[in-house]
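Participant: Got a predicted structure here, sequence first:
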Amino acid sequence: MKFRIKEVEKEDWDELLIWRNDEVTRKMSINSEIVKKDEHFSYMEKMSKNKQRVQYIFLHNQHKVGTIRIDKLNDGFDEFSYTINPLFRGKGYGTLMMELYLFDKNGKYRCEIKPENVGSIKMAEKNGFTYKSTNTGISVYEFIK
């Protein structure tokens, strides 16, 4: 089995839009609106130039199974967000993807998760994140390594 994390490239954008607009993904996302292609491409273009944000694709045997996005926050934390390819959901890839990304890194990380997103809560907790607070109905988890 071969696992790899690479930075998102323009060739990935169409597939990421499909994942983003998946019904379950939207239900569990902070922003649950459907995203149009032109909006998505504009967002991705801006993101690719933002020095405070980076997004990765997690691959298993050349299959794109998920994404990780890291945003540098003003308080010294990195906000950790992620999406799993709907075709690979529920198979443990999210937990593994997070573990492999964090494996050799030190820092302060934060995730914002809807309380009903039990899968993401379990994934974060398995990787050392602990519940810190709830802000406007969103649970905040942090991990310091």
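Facilitator: Happy to help now that I have it. Numbers count the residues shown, from 1 in each chain.

Participant: what's the closest non-adjacent residue to the spatially most central residue of the chain?
Facilitator: Nearest to the mean C-alpha position of the chain, counting by C-alpha atoms, centre = their mean, stands Tyr82 at 1.0 Å. Nearest residue to Tyr82, sequence neighbours excluded (C-beta to C-beta, 6 or more residues apart in numbering): Ile68, at 5.1 Å. In short, each C-beta sits where N, CA and C put it, glycine included.

Participant: Confirm that the one you found sits in a strand.
Facilitator: Yes. Counting by DSSP: H, G, I helix; E, B strand; the rest coil, Ile68 is found in a strand.

Participant: which residues touch it?
Facilitator: Contacts for Ile68 (C-beta atoms under 8 Å, 6 or more residues apart in numbering) come out as 5, 55-56, 58, 80-82, 97-98, 101.

Participant: Kindly report the same for Leu16.
Facilitator: So Leu16 contacts 8, 40, 44, 67, 83 (C-beta under 8 Å, 6+ apart).

Participant: ok, back up a step: so where does the residue nearest to the centre of the chain fall, helix or strand?
Facilitator: Per DSSP states H and E: Tyr82 is located in strand 78-84.

Participant: That strand: partners in the sheet, and parallel or antiparallel?
Facilitator: strand 63-72 (antiparallel), strand 108-113 (parallel) (DSSP bridges).

Participant: that older thread, between the contacts of Leu16, which is closest to Lys91?
Facilitator: Thr83 (14.5 Å; C-beta to C-beta).

Participant: Give the next helix or strand downstream of whichever strand or helix holds Glu45.
Facilitator: Secondary structure assignment for Glu45, by DSSP H and E: helix 37-49. Per DSSP H and E, the first helix or strand lying C-terminal to helix 37-49 is strand 53-60.

Participant: Tell me which strands that next one pairs with, and in which orientation.
Facilitator: Sheet partners by DSSP bridges: for strand 53-60, these are strand 3-7 (antiparallel), strand 63-72 (antiparallel).
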